[in-house]
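> Could you work out the structure for the sequence below:
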Amino acid sequence: MTASAHGEQLRTSWVWMAVLAVISLIGGILALLNPLAATIAATVMAGWVFAALGAIQVIQSFRVTGWPGFLWALLFGVLTLVVGLSLVFNPLAGMVSLTLLVAVLFLVIGVVKILYSFSLRPISGWGWVLVSGIVSLALGVMILSDFPYSATSVLGILLAVELLSNGVLFLLLALGLRKA
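A predicted model of the protein is given here:
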């Protein structure tokens, strides 16, 4: 297929992109209106993903016989499966664990971005990396300062922001495709 044929297919798909935008924006608004429900939903979805990955790893470990990493692959699969099922069947405890993980990730990413920004110092725009690192660090501190109570809303708010961001992206793409 030629580039012009691909371009034509993209231009005619603007309606579907707009539908995705609306669904994502509605999901983001609903997640903001009820962050606890969104947090529980995100925890359960993460649990199902972990459970599926664990089950696949367990199956895969038995498919390759006679290799020295069998026990490690099996152990990894079983642990991933257990974590996933734990999140699915006990999402309230799971959301506390995931929120703590998110806070620690924000802290670590913030520190790494700040250090990285200093290495970029002679380059124009290095300050934006510094600002991004400070924001990440501040988010981690904010989550931990209200922990474990923040666990009831943090994941839901992050999900809402992601859905709203995707909705805006899809809407802008749809409008761009419509004009093309």
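> For the protein, give me the ranges with low pLDDT.
By pLDDT under 70, the weakly predicted segments of the chain are 1-7, 9-10, 180.
> Apply 80 and report the result again.
Where the chain drops to pLDDT under 80, the residues are 1-12, 64-67, 178-180.
> hey, where'd the helices end up in it?
3-12, 14-33, 35-63, 70-89, 91-119, 126-145, 154-179 (DSSP state H).
> got a markdown table for the ones you listed, with mean neighbour count too?
Any C-beta I mention is one placed from the backbone N, CA and C, and that applies to glycine too. Output for the helices of the chain, formatted as a markdown table (neighbours: other CB atoms under 10 Å):
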| stretch | mean neighbour count |
| --- | --- |
| helix 3-12 | 11 |
| helix 14-33 | 16 |
| helix 35-63 | 17 |
| helix 70-89 | 16 |
| helix 91-119 | 17 |
| helix 126-145 | 16 |
| helix 154-179 | 17 |
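> tell me the phi and psi of residue 121?
When read as degrees, to the nearest 10, the backbone of residue 121 gives phi -50, psi -40.
> For it, the count of nearby residues, please.
Residue 121: 10 surrounding residues under other CB atoms under 10 Å.
> what about it, distance to residue 127?
According to CB to CB, to the nearest Å, residue 121 and residue 127 sit 9 Å apart.
> same question, residue 87
Residue 87 is 39 Å from residue 127, by CB to CB.
> Next: residue 69.
46 Å.
> Over to residue 138?
Counting by CB to CB, the gap from residue 138 to residue 127 is 16 Å.
> correct me, but residue 161 touches residue 28?
Yes - the pair residue 161 / residue 28 is scored as a contact, 7.4 Å apart, by CB atoms under 8 Å.
> List the contacts of residue 20.
166, 170, 174 (CB atoms under 8 Å, 6 or more residues apart in numbering).
> how about a cut-off of 7 Å?
residue 170 (CB atoms under 7 Å, 6 or more residues apart in numbering).
> Find the nearest non-adjacent residue to residue 135, please.
Using CB to CB, 6 or more residues apart in numbering and skipping the chain neighbours, the partner closest in space to residue 135 is residue 110 (7.5 Å).
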